[in-house]
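**Q** Sequence first, then the predicted structure:
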Amino acid sequence: MSDCLFCKLIEGAIPSQQVYSDDKVLVFKDIKPKAAVHLLLIPRKHIASLVEVTPEDDELMAYMLRLLPTLARQQGLDTGFRTVINTGPGGGQIVYHLHFHLLGGPDLGD
Ligand code: AMP
Ligand code: ZN
């Protein structure tokens, strides 16, 4: 069993509010939402952060990026959305399994 929180979530060892799942990725609600819609999109493959992404992951990264607008539309975010990738201690990353934050809804702020 992995020590990684999000790998545990993928394995089903800890619960999550899943929104979407396929053979490449998992999407679930952030446990401490900072907006009306706050989802986390993660690859099933353990990649610690954006720094660890390699050319081998190009297809996966493109797949994840292209999934974001589809997820946003499904969440009713018709006027747009925000994507955040915190990277490393200086970027405020807390969980070291690559994740894209998808945020949207009223009062999103600057
Ligand atoms: P960061 O690594 O700073 O990009 O943020 C990690 C995010 O994961 C935070 O927004 C947390 O609220 C979220 N988070 C931590 N544990 C869980 C969990 N068990 N289920 C859903 N979201 C989580
Ligand atoms: Zn992991």
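**A** Everything's here; your move. Ligands and ions are numbered 1, 2, ... in the order given.
**Q** Look up which residues are beta-bridged to the most centrally placed residue in the chain.
**A** Centroid-nearest residue in the chain: residue 41, 2.3 Å away (criterion: C-alpha atoms, centre = their mean). Beta-bridge pairing for residue 41 (DSSP bridges): residue 27, residue 100.
**Q** what's near enough to touch it?
**A** Contacts were defined as C-beta atoms under 8 Å, 6 or more residues apart in numbering; by that measure residue 41 touches 25-27, 64, 67-68, 71, 99-100, 102. C-beta here means a position set from N, CA and C on the backbone, and glycine is covered the same way.
**Q** can you put those residues in a markdown table and add pLDDT and distance to ligand 1?
**A** Below are the contacts of residue 41 laid out as a markdown table (pLDDT from 0 to 100; distance: C-beta to the nearest ligand atom, whole Å):
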| residue | pLDDT | distance to ligand 1 |
| --- | --- | --- |
| 25 | 98 | 15 |
| 26 | 98 | 11 |
| 27 | 98 | 11 |
| 64 | 98 | 15 |
| 67 | 98 | 18 |
| 68 | 98 | 15 |
| 71 | 98 | 15 |
| 99 | 98 | 6 |
| 100 | 98 | 9 |
| 102 | 98 | 11 |
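**Q** re the thing from before, how near is the residue nearest to the centre of the chain to residue 107?
**A** From residue 41 over to residue 107 the distance is 22 Å, taken as C-beta to C-beta, to the nearest Å.
**Q** Not counting the lengthiest helix in the chain itself, show me its contacts.
**A** In the chain, with assignment by DSSP state H, the single longest helix is helix 58-74. Helix 58-74 has contacts (C-beta under 8 Å, 6+ apart) with 19-20, 24-25, 27, 37, 39, 41, 43, 45, 53, 80-81, 83, 100, 102, 104.
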